[in-house]
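**Q** Below is the sequence, then the predicted model.
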Amino acid sequence: AGCESVLEVGCGTGRDSIRLVNALKSLQTFHYQDISMPILNKAITKIENLCPHVDLRYHCSNAHKLPYQDSQFDATYHFGGLNTFDDRKAPVSEMHRVTKDGGVIVIGDESIPPWYRGTEFSELLINSNPHYDFEIPLDDLPSAISDVEAKWIIGGVFYSISFIKNESAPNAD
């Protein structure tokens with residue numbers, strides 16, 4: 001059936017939203033969420049007229065407590081805001097909660113990879129934006145996942161983590 005329902009958490013002004021909607025050919029319903037209504041209004045204006053073939057729904061809320069049902073979405077996406085959250089584990093847990101079993105979750109943000117840490121390059125980036133100093137949040141991922149893929153993108157200083165939501169954590173017998 002493909003990806004029919006998608007949630008973008010922390011959509012900001014909708015820059016990635018348009019790309020997601022246009023890339024997902026089987027998409028029927030796209031929910032986009034942000035904590036700031038003025039910023040969300042910019043996304044609404046940008047997305048509304050460009051995507052008439054998709055049922056668009058938005059919600060102003062906190063990513064620490066998403067206002068969606070358990071297992072509602074085929075996929076959940078967040079890029080570029082995780083480092084601003086006071087607790088990264090809570091929004092990742094919420095994204096996991098609202099994604100269907102077998103659904104895909106993709107998150108990403110700034111992070112200097114281990115092989116660049118301590119170099120002049122990393123010090124320059126961290127001085128210009130302290131968010132580059134955040135570690136990739138592998139410790140914040142829930143245990144009921146599989147097919148985890150982590151890679152550094154966009155000049156090698158942003159990470160992208162994708163994984164599949166499982167019904168439960170692995171069981172040892």
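**A** In hand now; what should we look at? Numbers count the residues shown, from 1 in each chain.

**Q** Give the other helices and strands that the helix or strand of the chain with the lowest mean pLDDT contacts.
**A** Using mean pLDDT, DSSP states H and E, helix 15-23 stands out as the lowest-scoring helix or strand of the chain, at a mean of 88. For helix 15-23, the packing partners by 3 or more Cβ pairs under 8 Å, 6 or more residues apart in numbering; DSSP states H and E come out as strand 5-9, strand 29-34, helix 37-48, strand 73-79. No exception for glycine: its C-beta is placed from N, CA and C like everyone else's.

**Q** Tabulate these (JSON lines), appending distance to residue 148.
**A** Below are these laid out as JSON lines (distance: least, Cβ to Cβ, whole Å):
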{"stretch": "strand 5-9", "distance to residue 148": "18"}
{"stretch": "strand 29-34", "distance to residue 148": "24"}
{"stretch": "helix 37-48", "distance to residue 148": "29"}
{"stretch": "strand 73-79", "distance to residue 148": "15"}
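
**Q** And stretch 30-46, end to end?
**A** Using Cα to Cα, to the nearest Å, the end-to-end distance of stretch 30-46 comes out at 14 Å.
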